[in-house]
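In: mind folding the following:
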Amino acid sequence: MNTEPLTIAEQGAFWVGVQRVEKPFGLVATGQMFVQYQIPAERRHRYPLVMVHGGGGQGLDYLSTPDGRPGWAEYFLRQGYAVYVVDRVAHGRAPYHPDVQGPATPPMDYQFLQAFFTASAKFGRHPRAKLHTQWPGSGEIGDPAVDQLIAGMGPMPASFVAIQEAMKRCGAELLDKIGPSILMTHSMGGPFGWIMADTRPALVKAIVAAEPVSPAFFEIPGLGGLEWGVTAIPMTYDPPVGDPSELKRVLRPAPSPDLPDCYVQAEPARQLVNLKGIPILLVASEASWLALTNHGVHDYLAQAGATIEHLRLEDAGIRGNGHMMMSEKNSDEVAAVLAQWLDRLRLK
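Out: I've put the predicted structure just below:
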């Protein structure tokens, strides 16, 4: 952990996507996304990083780790990036109220959190759970780091479509404001990258997708599904797609016998034309349940013409991580691999 003083040239916060809606109790704001930013005095990279959290989380997932160490936001500031950390609509500092935003999911519960995020090896709920070693604590109920993680987790809108329509509207306004950027996404925030690359292709210079929601065409009862392949809302395909039922799917064999087969398009595959030429790094942890299906997103996007690499952290010698790789003991080691990939791009 770097403890040298860090000099910030500029910092602040603002909102994008503010809408007004008339309710019986008055005219209120809705649809807003919160953005916190810092620009280092020694800025060494032209394009800022936009950090987008997962479902039910918030931007603080990047600000610090549950055991109190600096998070990825500070790590990349020290690498010379301007960093913009968002709280997506109805998450974190972007207020949620059911009378305004509509129904929401329940918040995260301790039982699910410890089984799938923090103490996977103890509960063995998926095939790779036994490999999980990097949580900074016991990972069980009573662990202070678990309390710190779950305290920031709330509900989220109970509709993939509503969530992603908000991503499209707010993300476009953000990139229009700050200019060309690199997107770093996580989990259910993963579609933010695909949607922004489709909506503002000239303003997306690269995407680092840490365990995006997967596989292609994934569905959650009550939330909906990724009917458009990797999103729940329309994307720009060539030939054009008027209805998602036109995306004919077939199962592609998995790259290894311990992984499930996942859907891709039936050939000839329609192309996601706006994603072409945008470098994408899809990152999977060794011990996460999403490591089982992230190859499905990689294969889908590669088939549709995207320039995408699939990094399994164990192949880089980084072992034992779960889904919250930015929160775990070796978070800086993971961040270093991502920074090295961005450096190799030599973005201009």
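
In: quick one: Val283 is in a helix?
Out: No. Assigned with DSSP: H, G, I helix; E, B strand; the rest coil, Val283 falls outside any helix and is strand.

In: neighbours of it, how many?
Out: 26 (other Cβ atoms under 10 Å). No exception for glycine: its C-beta is placed from N, CA and C like everyone else's.

In: that one contacts Glu211, doesn't it?
Out: Yes. Between Val283 and Glu211 there is a contact under Cβ atoms under 8 Å: 6.7 Å.

In: can you pull the residues that touch both of the two?
Out: Met325 (Cβ atoms under 8 Å, 6 or more residues apart in numbering).

In: confidence-wise, which helix or strand of this structure is lowest on average?
Out: strand 219-220 (a mean of 92; mean pLDDT, DSSP states H and E).

In: other residues contacting that strand?
Out: Under Cβ under 8 Å, 6+ apart, the answer for strand 219-220 is Phe160, Gly225, Leu226.

In: what sits against the last one?
Out: By that I understand Leu226. Leu226 neighbours (Cβ under 8 Å, 6+ apart): Phe160, Pro191, Val213, Ala216, Phe217, Phe218, Glu219, Ala232.

In: tell me the SS of Leu113?
Out: helix.

In: how about it, nearest residue that isn't a chain neighbour?
Out: Ile150 (5.5 Å; Cβ to Cβ, 6 or more residues apart in numbering).

In: what secondary structure does that neighbour sit in?
Out: Ile150 is classified as helix under three-state DSSP.

In: what's the burial count for it?
Out: 21.

In: does it touch Tyr110 like I think?
Out: Yes. Ile150 is within contact range of Tyr110, at 6.3 Å (criterion: Cβ under 8 Å).

In: quick check: phi and psi on the spatially most central residue of the chain?
Out: Centrality entry for the chain: nearest residue to the mean C-alpha point is His186, 2.0 Å, by Cα atoms, centre = their mean. Dihedral pair for His186: phi -140, psi 130, per degrees, to the nearest 10.

In: name the element Thr185 belongs to?
Out: Using DSSP states H and E, Thr185 maps to strand 181-186.

In: packing partners of the helix or strand following that strand?
Out: Moving toward the C-terminus from strand 181-186, the next helix or strand (DSSP H and E) is helix 190-199. Contact here means 3 or more Cβ pairs under 8 Å, 6 or more residues apart in numbering; DSSP states H and E; on that basis helix 190-199 packs against helix 160-178, strand 181-186, strand 204-210.

In: list the contacts of helix 190-199.
Out: 52, 54, 88, 164, 167-168, 171-172, 175, 183, 185, 203-204, 207, 209, 211-214, 226, 230-233, 235-236, 272, 274-275, 278, 280, 297, 301.

In: try stretch 133-150
Out: Counting by Cβ under 8 Å, 6+ apart, 65-68, 108, 110, 113-114, 117-122, 287, 319-322, 324-325, 327-330 sit against stretch 133-150.

In: filter the residues you listed down to the ones in helices?
Out: Taking DSSP state H as the definition of helices, those contribute Tyr110, Leu113, Ser120, Ala121, Lys122.

In: can I get the buried part of these as one ChimeraX selection?
Out: Applying 16 or more other Cβ atoms under 10 Å to the ones in helices among the contacts of stretch 133-150, the buried members can be selected in ChimeraX as follows:
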select :113,120,121
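
In: can you name the two of the ones in helices among the contacts of stretch 133-150 that are farthest apart?
Out: Tyr110 and Ala121 (16.8 Å; Cβ to Cβ).

In: average pLDDT across the helix or strand following the least confident helix or strand of the chain?
Out: The element immediately downstream of strand 219-220 (helix or strand, assigned by DSSP H and E) is strand 224-225. Mean per-residue pLDDT for strand 224-225: 96.

In: for strand 224-225, packing partners?
Out: Partner elements for strand 224-225 (3+ Cβ pairs under 8 Å, 6+ apart): helix 160-178.

In: can you tell me what sits against the helix it packs on?
Out: Helix 160-178 has contacts (Cβ under 8 Å, 6+ apart) with 16-17, 31-33, 35, 37, 48, 50, 55, 84, 86, 88-90, 102, 156-157, 181, 188, 191-192, 195-196, 199-200, 203-204, 220, 223-226, 231-233.

In: what does stretch 2-13 give?
Out: Contacts of stretch 2-13 (Cβ under 8 Å, 6+ apart): 34-43, 70, 74, 77-78.

In: looking at those residues, which are in strands?
Out: Phe34, Val35, Gln36, Tyr37, Gln38, Ile39, Pro40 (DSSP state E).

In: chain center to stretch 21-33, what's the gap?
Out: From the chain centre to the centre of stretch 21-33 is a distance of 27 Å (Cα atoms, centre = their mean, to the nearest Å).

In: ends of that stretch, how far apart?
Out: 16 Å (Cα to Cα, to the nearest Å).

In: cool, and stretch 315-329?
Out: OK, stretch 315-329 end separation, Cα to Cα: 18 Å.

In: got the buried residues for it?
Out: Applying 16+ other Cβ under 10 Å to stretch 315-329 flags Ile318, Gly320, Asn321, Gly322, His323, Met324, Met325, Met326, Ser327, Glu328, Lys329 as buried.
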